[in-house]
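Visitor: pasting the sequence and the predicted model now:
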Amino acid sequence: MDYYYLRKDYNYKTVDYSQKTDWESIICAKNTDHQRAGQRIGDLMIDRVPKNVGNFIWTTLLGELLIDDKIANLFEKNNISGYTLKPVTIDKNDKNYKLWEFVVTGWAGVASEKSGIKLKSSCDYCGDITYTSFKNPKYLIDENRWDGSDFFMVWPLPRYKFISSKVARIIKEENLKGSIISLVEDIEVDNSVIDNLSPGRLSMYMPAKRAKVLGEPLGIY
């Protein structure tokens, strides 16, 4: 079975956070190197929507995905699964736009170690987790761990948007702009990047109840 990866198309503008955006601060009682930003506080707030954005709109810094009602209705009509929508506040309000933050809730478990991803360290004091990065993307998805959702997450790559062939087909047929679709095995491996993945906790990316069910047994909630 083919799996795909949805990423931003840099031919289109991204959006910046509002200056009102704030994050939790995590301070480790043992390791000063573990001090970091945690979960965003509140719903996503952006500064404004620039010209030349696509149907899929991405934030500049962390790559959150935003969609409008057109895409929301299209996905609902086609029974696309594996996501929930959260409201987005546009600080410099443009009445032409109503946007939703697209939050992935589908799940394909932890990536196989055949991909090159392995646990490096886990801090009992603050929950910081570090993994090696992937070297062989074709092994990122284990079909036996996939829940069948059309949008789904693979840990420890929570910001990667993995999609089914059904979603890939709809995006191509509808000629939706703002994203690029690649086969998972074609994801480029950047060996120049330090071999560390530090994703934080699953609760930073999914609704709390869903994150607890999935993450608590794995120690990543």
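Guide: Happy to help now that I have it.

Visitor: only C-alpha atoms from now on, for both contacts and neighbour counts.
Guide: Will do.

Visitor: so for residue 194, what's the pLDDT?
Guide: With respect to pLDDT, residue 194 has a value of 68.

Visitor: next: residue 32.
Guide: According to the prediction, residue 32 has pLDDT 88.

Visitor: and the most centrally placed residue in the chain, what element?
Guide: Residue closest to the average C-alpha location in the chain (C-alpha atoms, centre = their mean): residue 159, at 2.7 Å. Assigned by DSSP states H and E, residue 159 belongs to strand 157-163.

Visitor: next one: residue 167
Guide: Assigned by DSSP H and E, residue 167 belongs to helix 165-173.

Visitor: and the contacts of that helix?
Guide: Outside helix 165-173, the residues that touch it by C-alpha atoms under 8 Å, 6 or more residues apart in numbering are 2, 3, 4, 80, 150, 151, 181.

Visitor: residues in contact with the following helix or strand past that helix: which ones?
Guide: As assigned by DSSP H and E, the chain's next helix or strand after helix 165-173 is strand 179-183. Identification of contacts with strand 179-183 by C-alpha under 8 Å, 6+ apart yields 2, 3, 4, 5, 6, 7, 8, 9, 54, 56, 168.

Visitor: could you single out the nearest of those residues to residue 142?
Guide: residue 3 (10.5 Å; C-alpha to C-alpha).

Visitor: you'd agree the closest one is up against residue 161?
Guide: No: using C-alpha atoms under 8 Å as the test, residue 3 is too far from residue 161 to be in contact (10.8 Å).

Visitor: just how off-centre is the helix holding residue 167 within its chain?
Guide: 19 Å (C-alpha atoms, centre = their mean, to the nearest Å).

Visitor: give me the buried positions along it.
Guide: 167, 168, 171 (16 or more other C-alpha atoms under 10 Å).

Visitor: for stretch 85-96, same thing?
Guide: 88, 89, 90.

Visitor: returning to that earlier point: which one of the contacts of strand 179-183 sits closest to residue 104?
Guide: Minimum distance to residue 104 across those is 12.0 Å, recorded for residue 6 (C-alpha to C-alpha).
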